[in-house]
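Undergrad: Predicted model and sequence below, questions to follow.
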Amino acid sequence: MKRSLLSIFISAIVCTSLCAQEINYAEYFWDSDPGVQNGTELSVSPGEFISQISTVETAGLETGFHHLYIRVCDADNVCSLYASILVMVQGTEVSIIDHAEYFWDNDPGPGQGISLSLNPGAQISENYVFEIVGLEPGYHYLYVRVKNDSQAWSLYQKVLVFIDGSAPIFIVEMEYFWDTDPGVGNATPIDIDSGEIVSGDFPVSTDGLELGIHWLHIRVMDSEGAWSLYHRLPINICTNFSPIADFDFEIVGDQFNFVSNSSFADNLSWQVDGVEQSTESEFSITPTGEQEVCLIAANECASDTLCFLVGAPFLEAINPNLVSNDGSVEVTATGHLLESSAEVEIRRDGESIEASSLEIVSGEELAVDFDFSDETVGFWDFVVILENGNELILVEGLELSDLVSVKEIENAQPVLFPNPANRYAEIGGIDVREIIVYSTDGMKVLRTNETKFSVENLVPALYSVVVRGDTGRVWVLRLVVE
């Protein structure tokens with residue numbers, strides 16, 4: 001049986017004939033009018049105006065377009081004119097969208113628009129760049145439609161777009177100041193490459209600032225001499241780096257043994273469900289159910305917190321996590337409280353691949369077989385489905401490659417190159433969560449989650465590069481900028 005949910009704003013269709021009267025009846029029918037009050041009744045709450053969502057039955061309708069008609073009546077059995085809505089009724093089988101196209105202003109006909117690349121699926125969500133060459137400045141309609149694997153085209157979706165024919169305005173200057181505005185054009189300039197959009201990491205000086213919170217203000221000027229409003233953000237000026245909470249743990253029997261790997265921390269606090277248990281670098285706990293263990297790393301400047309849920313199943317890693325799509329592969333997953341009754345699959349953009357077999361090695365390890373022949377290359381979520389329906393997910397934990405063979409790099413360590421650097425530096429060898437660069441006087445000069453970053457705005461000197469991997473592990477490397 002097929003059903004459709006339609007949002008029915010009844011007040012918009014009955015005002016001309018039933019204004020100021022109480023509506024106490026509503027009905028609908030498909031395609032042909034069976035006569036007033038002979039349609040299918042809709043449950044409504046009586047009132048002068050009605051706005052509600054109702055479910056209407058589509059059983060017996062052939063797939064394709066149909067007209068849905070709705071009308072209402074008042075307590076005197078005076079009925080409104082009907083309102084009609086065009087509805088497309090689809091079959092019960094899920095169709096796959098395999099083609100999309102767009103056109104401007106005039107419809108060239110289905111299949112004659114400009115094609116858009118997509119990954120086929122039951123649903124698609126993509127960002128696209130649309131070509132506007134040849135369009136006159138002013139307002140235009142952009143139309144987009146899709147086609148499924150049954151060769152059926154959707155109705156188009158249209159968006160009103162304004163195309164600005166004026167010459168682009170470039171940002172040509174940038175300046176900053178601390179706390180008090182010295183006046184437009186009188187602040188400290190920042191060297192930039194002019195452009196419509198300016199993006200990058202820019203060093204600012206903290207010389208002369210007292211310790212504590214200060215407000216950094218930044219503004220830009222365009223090629224016509226107009227200054228923007230400033231953007232401001234609070235900065236804590238301190239004598240040390242901000243701490244980074246981090247820990248490793250091992251499981252021995254039912255006991256979790258934690259060891260702090262925190263950086264720049266003077267004080268540690270281990271907490272269980274919000275209650276402090278220890279201030280030492282090591283901490284152990286035997287869970288009595290699901291409990292949250294948190295490590296708070298602090299110094300005189302700031303604090304940082306990292307938490308982990310113990311006593312609950314979790315998925316830690318898979319090996320290998322980079323495999324070829326040219327055949328069958330055995331993948332080993334490690335974690336805690338893994339079940340022999342679990343199901344395993346990988347997912348990506350509406351696609352899923354189920355494991356062909358599963359072997360539980362222990363509560364901390366299971367082995368599964370997959371056939372990845374000709375499957376889509378790219379990153380996939382690795383999913384373990386427990387017997388109670390809960391899911392353990394490693395987001396983008398597995399990468400399929402079209403290489404002939406691939407091998408995971410074990411005991412990975414970050415590699416910083418080139419070093420010395422004068423234009424850019426790059427971190428290789430690991431998956432990076434965050435990179436923070438500090439000067440020798442402790443000032444944070446750059447923060448990014450991109451593995452390749454520009455150093456052109458850094459003065460020649462020695463820097464400390466704090467690298468945080470996707471597992472939470474932290475490395476501190478040295479970088480020379482020439």
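TA: Cool, the structure landed.

Undergrad: The spatially most central residue of the chain is in what secondary structure piece?
TA: When Cα atoms, centre = their mean is applied to the chain, the residue found nearest the centroid is Val395 (11.2 Å). Assigned by DSSP states H and E, Val395 falls within strand 391-401.

Undergrad: List the buried residues of that strand.
TA: 392, 394, 397-398, 400 (16 or more other Cβ atoms under 10 Å). Bear in mind the C-beta positions are built from the backbone N, C-alpha and C, glycine included.

Undergrad: Adding pLDDT, write these out as CSV.
TA: CSV is the format used below for the buried residues of strand 391-401 (pLDDT from 0 to 100):
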residue, pLDDT
Leu392, 88
Leu394, 87
Gly397, 85
Leu398, 87
Leu400, 86
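
Undergrad: Please name the nearest non-neighbouring residue to the residue of the chain positioned farthest from its centre.
TA: Largest separation from the mean C-alpha position in the chain: Asp76, at 54.2 Å (Cα atoms, centre = their mean). Counting by Cβ to Cβ, 6 or more residues apart in numbering, Asp76 lies nearest to Gln21, which is 7.4 Å off, once chain neighbours are set aside.

Undergrad: on that earlier part again, local confidence estimate at the residue farthest from the centre of the chain?
TA: Note on Asp76: pLDDT of 85.

Undergrad: Could you give the secondary structure assignment for it?
TA: coil (DSSP: H, G, I helix; E, B strand; the rest coil).

Undergrad: quick one: it from Tyr25, how far?
TA: 11 Å (Cβ to Cβ, to the nearest Å).

Undergrad: Give me the contacts around the strand holding Val395.
TA: Residues from elsewhere that reach strand 391-401, judged by Cβ atoms under 8 Å, 6 or more residues apart in numbering: 313-315, 317-318, 321-325, 331, 335, 346, 372, 375-386.

Undergrad: All the strands of the stretch 1-150 of the chain, residue numbers only.
TA: Using DSSP state E, counting those that start in this stretch, the strands of the stretch 1-150 of the chain run over residues 3-8, 23-30, 40-42, 52-57, 64-74, 83-89, 97-104, 114-116, 138-148.

Undergrad: Would you tell me which of the ones you listed gets closest to Asp201?
TA: Distance to Asp201, taken as Cβ to Cβ, is lowest for strand 114-116 among the strands of the stretch 1-150 of the chain, at 34.1 Å.

Undergrad: pLDDT (mean, whole number) over that closest one?
TA: Here the average pLDDT along strand 114-116 is 93.

Undergrad: What lies in contact with that strand?
TA: Contacts of strand 114-116 (Cβ under 8 Å, 6+ apart): 99-103, 126, 128, 131, 144.

Undergrad: pLDDT and neighbour count for those - can I get that in CSV?
TA: Shown next, in CSV, are the contacts of strand 114-116 (pLDDT from 0 to 100; neighbours: other Cβ atoms under 10 Å):
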residue, pLDDT, neighbour count
His99, 92, 19
Ala100, 93, 19
Glu101, 95, 19
Tyr102, 96, 19
Phe103, 95, 19
Glu126, 83, 10
Tyr128, 88, 10
Glu131, 90, 9
Val144, 94, 18
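
Undergrad: Columns distance to Glu456 on top of the residues you listed, output as CSV?
TA: CSV is the format used below for the contacts of strand 114-116 (distance: Cβ to Cβ, whole Å):
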residue, distance to Glu456
His99, 43
Ala100, 39
Glu101, 42
Tyr102, 38
Phe103, 42
Glu126, 33
Tyr128, 32
Glu131, 33
Val144, 40
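
Undergrad: For Thr305, state which of those residues is nearest.
TA: The closest of the contacts of strand 114-116, once distances to Thr305 are taken by Cβ to Cβ, is Glu126, at 36.4 Å.

Undergrad: neighbours of Cys301, just the number please.
TA: 17 (other Cβ atoms under 10 Å).

Undergrad: and if you look at Asp381?
TA: So Asp381, with other Cβ under 10 Å, has 16 neighbours.

Undergrad: For it, give me phi and psi.
TA: phi -80, psi 130 (degrees, to the nearest 10).

Undergrad: Now do the same contact list for the closest residue to Ala312 other than its chain neighbours.
TA: Nearest non-adjacent residue to Ala312, counting by Cβ to Cβ, 6+ apart: Glu290, 4.5 Å away. Neighbour list for Glu290: 309-312 [criterion: Cβ under 8 Å, 6+ apart].

Undergrad: for this protein, which spans come out with low pLDDT?
TA: 1-20, 91-94, 167, 363, 403-412, 441-442, 471-472 (pLDDT under 70).

Undergrad: what about the helices in it?
TA: Using DSSP state H, the helices of the chain run over 11-18.

Undergrad: Verify the stated contact: Ile132 with Gly165.
TA: No - with contact defined as Cβ atoms under 8 Å, Ile132 does not count as touching Gly165 (10.3 Å).

Undergrad: OK, contacts around the residue nearest to Ser362 when sequence neighbours are not counted?
TA: With Cβ to Cβ, 6+ apart as the criterion, Ser362 has its nearest non-adjacent residue at 8.0 Å, and that residue is Leu338. Residues near Leu338 by Cβ under 8 Å, 6+ apart: 313, 315, 360, 362-366, 384.

Undergrad: Which of the residues you listed fall in strands?
TA: 315, 360, 362, 365-366, 384 (DSSP state E).

Undergrad: Let me have these in TSV, extended by neighbour count and distance to Ser51.
TA: Listed next are the ones in strands among the contacts of Leu338 as TSV, based on neighbours: other Cβ atoms under 10 Å; distance: Cβ to Cβ, whole Å:
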residue	neighbour count	distance to Ser51
Leu315	20	46
Ile360	15	54
Ser362	8	58
Glu365	16	56
Leu366	24	52
Val384	25	44
